[in-house]
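J.: just to be clear, the model below is a prediction. Sequence and coordinates:
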Amino acid sequence: MGNLNITKPSVLVIEDDAFIQSILNEILSENFHVTIFTDGLEGMNYLQSGNIPDIILSDLNVPGLDGMSFLVQIRNSGFFKSIPFIILSGKDDIENRIKCLEAGADDFLNKPFNPRELDARLKNILRRLGKNK
């Protein structure tokens with residue numbers, strides 16, 4: 001059928017763990033155009049270079065610019081603030097979850113996560129925005 005990446009929604013992933021990166025790439029690449037960076041600074045540079053993903057998926061604990069700081073910068077930006085943002089975290093900590101949601105995260109998912117649940121959450125957010133069937 002060929003590569004139809006152009007028609008797929010794009011997801012920007014910020015994740016420093018190579019194993020999780022490969023899992024996310026495998027899970028998401030069927031339905032999304034996936035771009036992965038290891039820290040929030042790289043992700044911010046990518047955005048500021050004119051790349052606007054349909055959704056951002058970021059680990060909370062990454063080097064450079066951590067997931068929470070990256071989220072806050074995105075939400076305070078006039079240009080990027082409407083991009084849906086999902087936080088991934090290895091810590092099942094209700095306080096962190098609440099802080100992220102209050103800071104503007106659209107969703108929060110604990111690691112290890114169920115691949116089908118992640119895929120469903122991404123599709124639900126995009127469907128609400130009219131970007132997915």
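T.: Looks like it arrived, so ask away.
J.: could you use CA atoms for every contact and neighbour count after this?
T.: Fine.
J.: for this protein, what helix or strand is lowest in average pLDDT?
T.: helix 115-128 (a mean of 91; mean pLDDT, DSSP states H and E).
J.: now for that one, which elements pack on it?
T.: With contacts defined as 3 or more Cα pairs under 8 Å, 6 or more residues apart in numbering; DSSP states H and E, helix 115-128 has these neighbours: helix 18-28.
J.: and the helix it packs on, how far from the chain's centre?
T.: 12 Å (Cα atoms, centre = their mean, to the nearest Å).
J.: roughly how far does Lys8 sit from Glu42?
T.: Here the criterion is Cα to Cα, to the nearest Å. By it, Lys8 lies 22 Å from Glu42.
J.: chain center to the least confident helix or strand of the chain, what's the gap?
T.: Worked out by Cα atoms, centre = their mean, helix 115-128 lies 11 Å from the chain centre.
J.: return the set of buried residues in that helix.
T.: 118, 121-123, 125-126 (16 or more other Cα atoms under 10 Å).
J.: same question for stretch 94-102.
T.: Here stretch 94-102 shows 97, 100-101 as buried, counting by 16+ other Cα under 10 Å.
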